[in-house]
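> The sequence and its predicted three-dimensional model are supplied below.
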Amino acid sequence: MSTGFIDNVKGFLLDPTQTLIAHRDESLGDTLRYFIIFLVIYGVLTGIMLGLFMGVVGGMAGAEAGLGALGVGGLAALGTLGMVIASIIFIIIFGVIALFIAGIILHIFVYIAGGRKGLATTMRTIIYSLTPNLIFGWIPMIGILAGFWSLALEILAIKELHEISTTRAFIAVFLPAILMAVLAFFVLAALAAATTIAA
């Protein structure tokens, strides 16, 4: 089922369970279109913020260099436009690549946890769960809260779309993080031991 972009956003934020059930049979193509629209919006917002920041810094430097209004206004506007375009291109390319890599990794653990609805379903869960992060993630500090919201939505999406228990969905999401933390601990311990022996 494919509905309008705004309806999807509202649904995933305000009534995620019913929205996920309604999107249970949606194609990966429809979900990818939703994702690309979000990446473009996110790229514009990120680019504006970066461009304004760079414009303020560049404007102050331009004013000090004697460029006057050009340094304060002209370079700032040019910088913002350039940052918006660069952000859109970078975020779309990086976002799609990251989606496929994250989808494959997550699907391994979803499969271990009992999910049998396929890789496309796992990728759709990632896209749906990114809704809060893509709306609020560009805002400093609030983006951190949006990240936790997206994590909770990812667990719910895996539960609903793969039709497994909440516990299994939780394991599928957190098992990779736990394994990475354990691996990082052993790597750091090995490095510390090697440094001690070398000394």
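Yep, it's here.
> Contact partners for Trp149?
Pro132, Asn133, Phe136 (CB atoms under 8 Å, 6 or more residues apart in numbering). All C-beta atoms are positioned from the backbone trio N, CA, C, and that covers glycine.
> Export those residues to JSON lines and append columns for distance to Ile164, pLDDT and secondary structure.
Converted to JSON lines, these look like this (distance: CB to CB, whole Å; pLDDT from 0 to 100; DSSP: H, G, I helix; E, B strand; the rest coil):
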{"residue": "Pro132", "distance to Ile164": "22", "pLDDT": "94", "secondary structure": "helix"}
{"residue": "Asn133", "distance to Ile164": "23", "pLDDT": "91", "secondary structure": "helix"}
{"residue": "Phe136", "distance to Ile164": "28", "pLDDT": "88", "secondary structure": "helix"}
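> Pick the one among those closest to Leu13.
Nearest to Leu13 among those, counting by CB to CB, is Pro132 at 6.5 Å.
> How about that closest one: what's its closest non-neighbour residue?
Distance criterion CB to CB, 6 or more residues apart in numbering; nearest residue to Pro132, sequence neighbours excluded, is Trp149 at 3.9 Å.
> could the contacts of Trp149 be laid out in a markdown table, adding distance to Leu179 and neighbour count?
Listed next are the contacts of Trp149 as a markdown table, based on distance: CB to CB, whole Å; neighbours: other CB atoms under 10 Å:
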| residue | distance to Leu179 | neighbour count |
| --- | --- | --- |
| Pro132 | 25 | 22 |
| Asn133 | 23 | 21 |
| Phe136 | 29 | 18 |
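> That's all I had, so thanks and see you.
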